[in-house]
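Undergrad: fold the following for me, if possible:
(4 chains)
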4 protein chains.
Amino acid sequence: MDHEKLADEYIRKEIEVLQSLDRKSIAKALDKLTEAWENERDIYIFGNGGSSATASHFENDFNKGVSEPLEKKFRFHCLNDNMSTVMAVANDLGFEEVFRFQLVNRVKKDDIIMAISGSGNSKNVLNAVEYAKERGAYIIGITGYNGGKLMGLSDLNLHADINSMQITEDIHMMFDHLMMSVLYKTLCGKDHMQA
Amino acid sequence: MDHEKLADEYIRKEIEVLQSLDRKSIAKALDKLTEAWENERDIYIFGNGGSSATASHFENDFNKGVSEPLEKKFRFHCLNDNMSTVMAVANDLGFEEVFRFQLVNRVKKDDIIMAISGSGNSKNVLNAVEYAKERGAYIIGITGYNGGKLMGLSDLNLHADINSMQITEDIHMMFDHLMMSVLYKTLCGKDHMQA
Amino acid sequence: MDHEKLADEYIRKEIEVLQSLDRKSIAKALDKLTEAWENERDIYIFGNGGSSATASHFENDFNKGVSEPLEKKFRFHCLNDNMSTVMAVANDLGFEEVFRFQLVNRVKKDDIIMAISGSGNSKNVLNAVEYAKERGAYIIGITGYNGGKLMGLSDLNLHADINSMQITEDIHMMFDHLMMSVLYKTLCGKDHMQA
Amino acid sequence: MDHEKLADEYIRKEIEVLQSLDRKSIAKALDKLTEAWENERDIYIFGNGGSSATASHFENDFNKGVSEPLEKKFRFHCLNDNMSTVMAVANDLGFEEVFRFQLVNRVKKDDIIMAISGSGNSKNVLNAVEYAKERGAYIIGITGYNGGKLMGLSDLNLHADINSMQITEDIHMMFDHLMMSVLYKTLCGKDHMQA
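TA: Presented below is the predicted three-dimensional model:
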């Protein structure tokens, strides 16, 4: 098959999804992250499969990237970073507990949960979200497809409206860098575009 | 400042870069990866900062994602996955050796190197690329900005023509998912878009 | 309770277990690893909970530590290092498949499997071992307690004869460093004890 | 050379070092960790090379292991868990800053630092310790050889008095499991030895 043509189709579809994104919800997420930073809230982020890498990348972009020139620091905690903990919880208590376990008696009222699930239906993600919600945390669901159950549970959705896990994950990565770039400007006075 | 307006600007810029991408070089990378898969070549991938997460995500998308339904498997090796090794090499031999060290007397003629560097000038990335080149590996440089020295050293470039590290990293993630989706179709007969 | 007394009891128990270790099986593991190195066999290592960290530590001690001064390199592959892959397999196929998946159509006859399971009964470890055994790999079981099912499946056992997960994990870490130190001497001509 | 004899020599040396350990300093570390748990202090742990894996293993043994049955949780933070952050700091600011960076404006008075360095002289470990000390944190140095500069900077030392990096790292792993086992008893009322 024609690699060039298939590549072009993917890029066109990606652009369509980018155009369709709800700017208002992104702006609201930026408001919440700014508020969380001001009030030194803990922000927990996690996901399955490649979203593990996305979650880990997010922590770096906020705890190191945006925070570097700031006195006050972002307090992201990626729940996909300690392999021993993930493997211990999954082995002892079940894979569906790997994220909830790490939140129990740690997540507090007004902390932020950034829950990544392309389908919106991963059991371990939903379990953690339900627990955090009961504790009074603010839930940002990061989804694709039709948003699944996560969309309904979330206070705010960053959603890629597309039935493709790959484009969904691209958009999730872009949510990270877009928000990082905007806060880099609003909080640090720097432009991500360099002359 | 206006979060919605800044978000919109970022997305517009991202779309511009997507439109500008050289489809021919992506197609050629797909040809090379297909050939590497057929001939069971080792494929080494690595980068700094958030590109660590990108490299790790790539390994999963090919070794698990595309490979799952295939008899023959992709052989990606992410050099950002073993923290002890990275910290041992950096501490004993210097941070600029962390990737080269992991290739010495391992990388072979016709293996593939996927070297990620937004600036194209990270010393540890360049050192590894120079070593692998001498050994006869095929170099795919994954770059942004003006491509830096990496662009000149590479046999093929996957390039994001933009002076923003954030948009560069978005595009790099998209290269992964685009190539995964195309090979998912050409090798596995499956469509990334689901009905 | 008395911290000093409890600390002393733990150390005494640790010493008892060290004295009881079967030196002959350690020597045989060293023979096998030496042979695997000579013949450039792949060596896969994995475990649950804290044994994830042990497996990752092992890879560094052989691929970097012992291999550094050698022309020929050890070829350890820790199956606990790519979080995205572990999370993708667990989420899509089940946690009991996380290690087997990474071996399918990769592990070859005469490769070495180093399977760590304190209880000897972790389902995901057993699944991977059974698969590798069918493919003709040589199985080194690294166990504690009564060795569980893993002991029966293994060609060779590195066993800590104690009903404590903590002392078991200590001994597993020592198996790594002991073997590293011995091979450092026999293969590299260097002494781990420095003047 | 004789693998069995060399294995036996290593084990004998390990036992000697175990016998020589200062029980009083271990007891004092247990007092401090108990106090840190009671007062919900943050505990930061980090190291180079294989000590990365040890630090990661420690976090799991306290945040999951000991904390599981407790209402109040241990608050360990391993600074070797987010590869993107380590690679970003090392690439942008220098490898000697990877740990200090993660503590800046985060570590607080009376937090605990558990700094692992076999030689006691790793620059990146010392930089982090000096910073944390100025901020009023309590420093537990985890060392081998002659303790290096870290020993002098620490409020308390967990020391393996031996010129071998391998035995040093074994003892460090044992410090983890010993302390976990003792606190499992004193805080959770459970015995690590199972009938």
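
Undergrad: now A:Asp22: how far from C:Gln166?
TA: 51 Å (Cβ to Cβ, to the nearest Å). Backbone N, C-alpha and C define where each C-beta goes, glycine included.

Undergrad: so the two - more neighbours on which side?
TA: C:Gln166 (28 against 14; other Cβ atoms under 10 Å in any protein chain shown).

Undergrad: only alpha carbons, please: show the helix or strand in which that one is found as CSV.
TA: Using DSSP states H and E, C:Gln166 falls within helix C:165-186. Extracted C-alpha coordinates of helix C:165-186, given in CSV (Å, rounded to 0.1, in the frame of the first residue of the first chain):
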residue,chain,number,x,y,z
MET,C,165,9.4,-11.9,51.8
GLN,C,166,11.9,-9.3,53.1
ILE,C,167,14.8,-11.6,53.8
THR,C,168,14.0,-13.4,50.5
GLU,C,169,14.3,-10.1,48.6
ASP,C,170,17.6,-9.3,50.4
ILE,C,171,19.0,-12.6,49.3
HIS,C,172,17.8,-12.1,45.7
MET,C,173,19.7,-8.8,45.6
MET,C,174,22.7,-10.5,47.0
PHE,C,175,22.5,-13.2,44.3
ASP,C,176,22.9,-10.4,41.8
HIS,C,177,25.9,-8.8,43.5
LEU,C,178,27.6,-12.0,44.4
MET,C,179,27.3,-13.2,40.7
MET,C,180,28.4,-9.8,39.4
SER,C,181,31.4,-9.8,41.7
VAL,C,182,32.5,-13.3,40.8
LEU,C,183,32.2,-12.7,37.1
TYR,C,184,33.9,-9.3,37.5
LYS,C,185,36.8,-11.4,38.7
THR,C,186,36.6,-14.4,36.4
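
Undergrad: and that helix with helix D:165-186, angle?
TA: 180 degrees (axes from the mean of the first three to the mean of the last three Cα atoms, to 10 degrees).

Undergrad: and helix C:165-186, what does it pack onto?
TA: Helix C:165-186 sits against helix C:3-20, helix C:23-38, helix C:50-60, strand C:138-143, helix D:3-20, helix D:165-186, with contacts defined as 3 or more Cβ pairs under 8 Å, 6 or more residues apart in numbering or on different chains; DSSP states H and E.

Undergrad: any chance of these in a markdown table, plus distance to B:Glu96 and mean pLDDT?
TA: Output for the helices and strands packed on helix C:165-186, formatted as a markdown table (distance: least, Cβ to Cβ, whole Å; pLDDT from 0 to 100):
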| stretch | distance to B:Glu96 | mean pLDDT |
| --- | --- | --- |
| helix C:3-20 | 40 | 98 |
| helix C:23-38 | 28 | 98 |
| helix C:50-60 | 19 | 98 |
| strand C:138-143 | 35 | 98 |
| helix D:3-20 | 34 | 98 |
| helix D:165-186 | 23 | 98 |
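
Undergrad: which of those is buried the deepest?
TA: helix C:50-60 (a mean of 31; mean count of other Cβ atoms under 10 Å in any protein chain shown).

Undergrad: got the CA coordinates for that one in CSV?
TA: Output in CSV follows, covering the C-alpha atoms of helix C:50-60 (Å, rounded to 0.1, in the frame of the first residue of the first chain):
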residue,chain,number,x,y,z
GLY,C,50,10.0,-4.9,44.7
SER,C,51,11.4,-7.7,42.5
SER,C,52,10.7,-5.3,39.6
ALA,C,53,13.5,-3.1,41.0
THR,C,54,15.7,-6.2,41.6
ALA,C,55,15.2,-7.2,38.0
SER,C,56,16.0,-3.7,36.7
HIS,C,57,19.1,-3.6,39.0
PHE,C,58,20.3,-7.0,37.7
GLU,C,59,20.2,-5.7,34.1
ASN,C,60,22.4,-2.7,35.0
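
Undergrad: which helix or strand lies directly C-terminal to that helix?
TA: With DSSP H and E, the next secondary element past helix C:50-60 is strand C:76-78.

Undergrad: now do the helix or strand just after that following strand, average pLDDT.
TA: Next helix or strand after strand C:76-78 toward the C-terminus (DSSP H and E): helix C:83-92. Helix C:83-92 carries an average pLDDT of 98.

Undergrad: what average pLDDT does the helix or strand that comes right after helix C:83-92 get?
TA: Sequence-wise, the next helix or strand downstream of helix C:83-92 (DSSP H and E) is helix C:98-103. Mean per-residue pLDDT for helix C:98-103: 98.

Undergrad: distance of A:Leu6 from B:Leu70?
TA: Counting by Cβ to Cβ - A:Leu6 and B:Leu70 are separated by 18 Å.

Undergrad: sorry, that was for A:Asn91
TA: For A:Asn91 relative to B:Leu70 (Cβ to Cβ), the value is 29 Å.

Undergrad: the two - which one has more neighbours?
TA: Comparing A:Asn91 with B:Leu70 by neighbour count (other Cβ under 10 Å), the higher total belongs to A:Asn91, at 23 against 13.

Undergrad: which non-adjacent residue is nearest the residue nearest in space to the middle of chain A?
TA: In chain A, the centroid-proximal residue (Cα atoms, centre = their mean) is A:Met114; its distance is 4.6 Å. Nearest residue to A:Met114, sequence neighbours excluded (Cβ to Cβ, 6 or more residues apart in numbering or on different chains): A:Ile45, at 4.2 Å.

Undergrad: could you do A:Gly141 as well?
TA: In space, A:Gly141 is closest to A:Ser154, 3.2 Å off (Cβ to Cβ, 6+ apart).

Undergrad: parallel or antiparallel, list what pairs with the one helix or strand the residue nearest to A:Met114 maps to.
TA: Counting by DSSP H and E, the element that carries A:Ile45 is strand A:43-46. With DSSP bridges as the test, strand A:43-46 is paired with strand A:76-78 (parallel), strand A:112-117 (parallel).
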